[in-house]
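Peer 1: this is a predicted model, with the sequence first.
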Amino acid sequence: MVFPLGDILVAHRLVARRQRQGVEILIAKGDAEPYFDPPVQPADLLGVVRALQRNGTAPAASLGCAGWPARLIARISYSAGRSASMVRRAAAILPDPLRRIALGAISLLTRVAAYILFTLLLWVVWFRLKRIEQLGGGEQHEAV
């Protein structure tokens, strides 16, 4: 989903929908980010990412942007965000030097885990795009 965050536009994955005081809110999170973004009102949503394109000449790929792969990635991202939040709360009871080290490690470990988990998906997309380029002669096709 694409939404404003301060003065910038952000494209992060929708990982949950919640009701707060009778109002629906959307919870977004970047795949390699340790924490959730601030809640987004549905009215603030500007768009939805349905495909990714590396450059102006490469074919667009929808793998990971829609369907069950997107839901699986959202579930993994949501779980990683919950885990990072729990570790942050647990770090609050540590003495100061250890607390700073633990808090600094959360971001690094979350990014490393996300890159490991999503490397396979990126390889699949890359190989599919190469195959489409070979078959389609450079025409724009959507990889599913």
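Peer 2: Alright, I've got the coordinates. Predicted model, so just to flag it, every value in this text is computed and none were measured. Numbers count the residues shown, from 1 in each chain.

Peer 1: in this protein, which spans are strands?
Peer 2: Along the chain, counting by DSSP state E, strands occupy 2-5, 8-11, 13-20, 23-29.

Peer 1: from the rest of the structure, what touches the second one?
Peer 2: Contacts of strand 8-11 with the rest of the structure, by CB atoms under 8 Å, 6 or more residues apart in numbering, involve 1, 2, 3, 4, 28, 30, 37, 46, 49. All C-beta spots, glycine's among them, are computed from the backbone N, C-alpha and C.

Peer 1: same thing but 7 Å
Peer 2: Under the contact criterion CB atoms under 7 Å, 6 or more residues apart in numbering, strand 8-11 has outside partners 2, 3, 37, 46, 49.

Peer 1: what of the third one?
Peer 2: By CB under 7 Å, 6+ apart, the surrounding residues in contact with strand 13-20 are 1, 24-29, 31, 73-74, 77-78, 81.

Peer 1: at 6 Å instead, please
Peer 2: Strand 13-20 is contacted by residues 1, 25, 26, 27, 28, 29, 74, 77, 78 when judged by CB atoms under 6 Å, 6 or more residues apart in numbering.

Peer 1: please apply the same query to the last one.
Peer 2: Residues from elsewhere that reach strand 23-29, judged by CB under 6 Å, 6+ apart: 1, 12, 14-18, 36-37, 39-40, 42, 77, 81.

Peer 1: could you give the average pLDDT over that strand?
Peer 2: Mean pLDDT, computed over strand 23-29, is 95.
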